[in-house]
Structure formats: structure tokens, C-alpha cells
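K.L.:
Take a look and give me a structure for this.
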Amino acid sequence: MAYSPQARLSLLQVALSSIEYGLRSGSPETVNSQDYSQELRDSRACFVTLRKDQSLRGCIGSLEPRGCLVADVANNAFAAAFRDPRFQKLEANELDFLDIGISVLGSSQALAFDSQQTLLDMLRPGQDGLILQDKTARGTFLPTVWKSIPQPEEFLNQLKIKAGLTADYWSDTLEVWRYTTESFSAPVSEIRSSNESAVRTEQG
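P.N.:
Have a look, this model is predicted:
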């Protein structure tokens, strides 16, 4: 589904509002889904990514739908700002310097492969998000990660490490799924000004 510029801006405004509410109250903002169009009330999985000075500042999301999209955006935005274990909680003086990104996930597709090379040959750089799992080890990279890791082999190796495996790990029980996203972002200043033209379409 391709969201309209207004729908994208609305989702980014929900994310920003939830972060601002979190700074004041310490909890995510409750969203009244009836205030939004049907497409934003549909059950969709999403990730919210925060960047500061072009560096990652937080990223939290879900691989499976957990409820209506606007509510998931609000919850994930709060979690990206205050519950990502890789970072300290967001401080109020950082907010104006943030860039907020949202990735809405499509359905995942299991990949059938018999070797790492076969798997690598199936990947579509810049397009595929990947979920990698073997027993209890699991990790995912959004399609936007291709911008910082453009080589398929390194992309896969880093995903293994994120899942808690070694870069050279291989097993016949390894499972991989791919998915695509509709991803977009904007600086906090542009979200506040309701500038639809400032919302950028992201890779993937």
C-alpha cells in the first residue's frame, strides 16, 4: 500500500506527539484510532527509527501486526526514544535535532536455499528486509540498512551477529524470510510545521 503524503505526515505527527508526551509523563500517548482514516487504523506492523545528526538514536518495532497502525506507531516511537537498550533515554534537549522515520512492513516471504551462496544470490539489495532465525537466535534488518551495509555478504554477516550468532555461522536449520517496507522520514522541525513536502521516501 502506498500512503498519501498527508497519511505519512499524520503518522510522523503521531510518532512525534507520543515522544513529546513521553518526555512529559514517562509513558506512551494513547491514540484514539477513530480520529484517523481507515488505512491508518488497519492492523500493520511497523518500526520507528530515530536519528540524531545522521546517527542512529533508537529503533524499535514489530515484525507482526499488534493492532492498528497508528497505535503501533505511537507505542514504537515512545519505545525507540526511551526503551531501546542500546541508548540512554532521550532527553528533552535532543528532540529538536531528531529525524523520525517510520517503516510499515509488508508480509514476509520464506526463502528456500541450500547454501549461503544460494541465499546471497536471492537477496535484492536496497529492497529486502531480512528476518534470520535459528532456534532461539533471531534478528532483522530493515531495507534501509542497505544504505550503510550495501554488500549482500556483509549485510548477511552483520545480521547473523545481530541475531547473536557468529558472522561465519551456518546451519541446515537456518531460516530466512524477506519483506519489503514503505518507509518515510522527516526532521522534527518539518513535522511540527506540517510540511508534507519535507517527508522523504526512504530506500525499501
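
K.L.:
Could you list the domains of this protein?
P.N.:
Following automatic domain parsing, the chain resolves into domains at 5-106+181-201, 109-179.

K.L.:
Just put those in TSV and tack on mean pLDDT and mean neighbour count.
P.N.:
For glycine as for every other residue, the C-beta is placed from the backbone atoms N, C-alpha and C. TSV is the format used below for the domains of the chain (pLDDT from 0 to 100; neighbours: other C-beta atoms under 10 Å):
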stretch	mean pLDDT	mean neighbour count
domain 5-106+181-201	95	18
domain 109-179	96	15
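
K.L.:
how would you label Trp177: helix, strand or coil?
P.N.:
What DSSP: H, G, I helix; E, B strand; the rest coil gives for Trp177 is strand.

K.L.:
Would you confirm that it contacts Ile131?
P.N.:
Yes - counting by C-beta atoms under 8 Å, Ile131 is a contact partner of Trp177 at 4.4 Å.

K.L.:
just so I have it, where are all the strands in the protein?
P.N.:
Assigned by DSSP state E, the strands in the chain fall at 46-52, 55-61, 98-105, 109-110, 129-134, 137-141, 175-179, 181-187, 200-201.

K.L.:
now the ones you listed as CSV including distance to Lys89?
P.N.:
As requested, the strands of the chain are exported to CSV (distance: least, C-beta to C-beta, whole Å):
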stretch, distance to Lys89
strand 46-52, 12
strand 55-61, 9
strand 98-105, 13
strand 109-110, 36
strand 129-134, 27
strand 137-141, 23
strand 175-179, 30
strand 181-187, 21
strand 200-201, 26
